[in-house]
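A.B. asks: structural data only, the sequence is not supplied:
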DNA sequence: CTGTTAGCGCCTTCAG
DNA sequence: CTGAAGGCGCTAACAG
């Protein structure tokens, strides 16, 4: 018993399919009693319009495709949550498609054609050439933290260098000197920029940089901490390129008997919700990823409404100083 | 410059659209050189098949609709993550649609018709009648934590009562007697069942139940804690119906100078990732929501492949005893 | 106001 | 092996 189609309704109501379409879509130009008849027949038959067919006909899907690197960890989840809130407020649906760490994953972008009206792509570690190749020409696409290859696309760019710089300044201001950076994976745009900001701030203060390479996952934070603990001349601050690594490291430090922030300060980046809850609360750079997600959807909506938008919106991360980087002299006024 | 269609390719390659379709879809019955010509022409034109049209024609979308109550907090995010992993491993896309706390949100289910091959619905607080009314008849639908109205649907049911019961037993075993339950919102299936389990276990031990009503959000945990703190005869354990409320309460207790678990034990439900990271680590009932999400997708895939599945799969939550409920006598062997 | 007629872009019999 | 033709379900002119 396949679903009833518009034709079934038309037949049962003794009208043409055009009338059914008009009646059901509230097109005004249908006599009231006819409209009612159609509606009740449709209800009786359990008719539900076939959204796919309608999309094909209208050349409009009311869906927007979302391509994320991953859904692991709170960062991307938050981004998605932000998009979702805005999208459903506007009656748009989200079609998900993650790359799962596959830099080549952009192939899937193509498969979105015909299913969505626009795209949101967040891909800090994508291969720039492939991005350029696979970026659909016929679909408005908002880029978040993507390589610089594509001009004229509405974009969000996180000012990672400034953020990292600010965090280093904060650490120095709180009395640290031997500040180690635990970076994200090489080739990841956000990671590289955070490294650059770290280096610059360190250089400005005549401090020698030291960088460990992680992959944004908790485990590499743990590993980095273990490595630092073994050091003869221990660092007095670890600045991780994201919160999950920072938290992994912090837990490892504590488990090894080191006090945070007294023995070593720990800082992250992103300000995921979790950062507030660990002990001590994690100092971090707030990016506001949920807000970015929401705004990405708003921009899409505006573009679909006819506006043109090729802006590159710069997001400047804000420092959130919590207990994990408290200066020793500040002890006691901890929350 | 709208996108090239199959017709454009056909014309440019001097063949019929049927041949293009066959060539591009690897249908074998096309001469090799013709196939190559078609492929190169398609590439040259930047042709990408229109997935929407193809879906209409094939009556198959390779997408599955996901309806969640919300995306706030780690619980649903984790569910989605589980689904996403399994879906993309199978080449399926996820079409998202949240209810955002609107019990009537099931209307949207209808809008999924024609865009997805199947549905996953998680709706512990949906209005049962509406669920029944709006449940598409023509779409395989997996239900997670939904009201009991719909038989013959593949389902997942979390054994909340058993879980709550086990947690109360654990709390009693660790020396608590004045155990207060902070419930989820009334009308929510999971919440009600957890209440029932709590009541039963308390009754079995001759303890008098006390229930505060929350809404699964952190803030109501905070509020509940404040209320308990003000009490003359304070509780010695708070068992919250989910982890976020438990954490909200725990933070509030600590901020008020109470020690957890020494002054009061705190337990949650769900075992969201965050539970491991708070201090003390939160005892909770593990539901494995990501796994449920993944399995839901697997079941969908099997159904789409022709299998029939009307099972109700029972998930029995496992107790995860962490430091937040340590018995006083256990002190010292805390991790 | 209502019905008829073309498509939307693609796939798939059915003939050749 | 290839082309012509019909149809997926719906909407939108275009006539009446």
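C.D. replies: Perfect, I can see it now. Just so it is clear, the structure is predicted and the values come from calculations on it, not from any experiment.

A.B. asks: OK, contacts around residue A:20?
C.D. replies: Contacts for residue A:20 (Cβ atoms under 8 Å, 6 or more residues apart in numbering or on different chains) come out as A:6, A:9-10, A:13, A:38, A:42. (Each C-beta comes from the backbone N, C-alpha and C, glycine too.)

A.B. asks: how close does it get to residue A:40?
C.D. replies: According to Cβ to Cβ, to the nearest Å, residue A:20 stands 12 Å off from residue A:40.

A.B. asks: quick one on the thing from earlier: want to throw the contacts of residue A:20 into TSV with neighbour count and secondary structure?
C.D. replies: Putting those into TSV (neighbours: other Cβ atoms under 10 Å in any protein chain shown; DSSP: H, G, I helix; E, B strand; the rest coil) gives the following:
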residue	neighbour count	secondary structure
A:6	19	helix
A:9	25	helix
A:10	20	helix
A:13	20	helix
A:38	24	helix
A:42	22	helix
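
A.B. asks: of those, which are in range of DNA strand D?
C.D. replies: Restricting the contacts of residue A:20 to those touching DNA strand D (Cβ under 7 Å from any atom of the strand) yields residue A:6.

A.B. asks: turn the contacts of residue A:20 into JSON lines, including distance to chain B and pLDDT.
C.D. replies: Rendered in JSON lines, the data for the contacts of residue A:20 read as follows (distance: Cβ to the nearest Cβ, whole Å; pLDDT from 0 to 100):
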{"residue": "A:6", "distance to chain B": "12", "pLDDT": "93"}
{"residue": "A:9", "distance to chain B": "14", "pLDDT": "93"}
{"residue": "A:10", "distance to chain B": "18", "pLDDT": "92"}
{"residue": "A:13", "distance to chain B": "19", "pLDDT": "92"}
{"residue": "A:38", "distance to chain B": "17", "pLDDT": "92"}
{"residue": "A:42", "distance to chain B": "12", "pLDDT": "92"}
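
A.B. asks: quick check: pLDDT value at the residue of the stretch 101-250 of chain A found nearest DNA strand C.
C.D. replies: Of all residues in the stretch 101-250 of chain A, residue A:114 sits closest to DNA strand C, with a separation of 6.7 Å (Cβ to the nearest atom of the strand). What the model reports as pLDDT for residue A:114 is 89.

A.B. asks: how close does it get to residue A:223?
C.D. replies: Distance, residue A:114 to residue A:223, by Cβ to Cβ: 44 Å.

A.B. asks: who's more crowded, the two?
C.D. replies: Applying other Cβ atoms under 10 Å in any protein chain shown to residue A:114 and residue A:223 shows that residue A:114 carries more neighbours, namely 23 against 19.

A.B. asks: OK, contacts around that one?
C.D. replies: Listed by Cβ under 8 Å, 6+ apart, the contact partners of residue A:114 are A:56, A:61, B:49-55.

A.B. asks: and the residues you listed near DNA strand D, which?
C.D. replies: Restricting these to those near DNA strand D by Cβ under 7 Å from any atom of the strand leaves A:56, B:53.

A.B. asks: got the contacts of residue A:114 as a markdown table, with pLDDT, neighbour count and distance to DNA strand C columns?
C.D. replies: What follows is the contacts of residue A:114, written out as a markdown table (pLDDT from 0 to 100; neighbours: other Cβ atoms under 10 Å in any protein chain shown; distance: Cβ to the nearest atom of the strand, whole Å):
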| residue | pLDDT | neighbour count | distance to DNA strand C |
| --- | --- | --- | --- |
| A:56 | 94 | 20 | 4 |
| A:61 | 94 | 23 | 12 |
| B:49 | 92 | 20 | 4 |
| B:50 | 94 | 19 | 3 |
| B:51 | 93 | 20 | 8 |
| B:52 | 94 | 24 | 7 |
| B:53 | 95 | 17 | 3 |
| B:54 | 95 | 19 | 4 |
| B:55 | 95 | 23 | 8 |
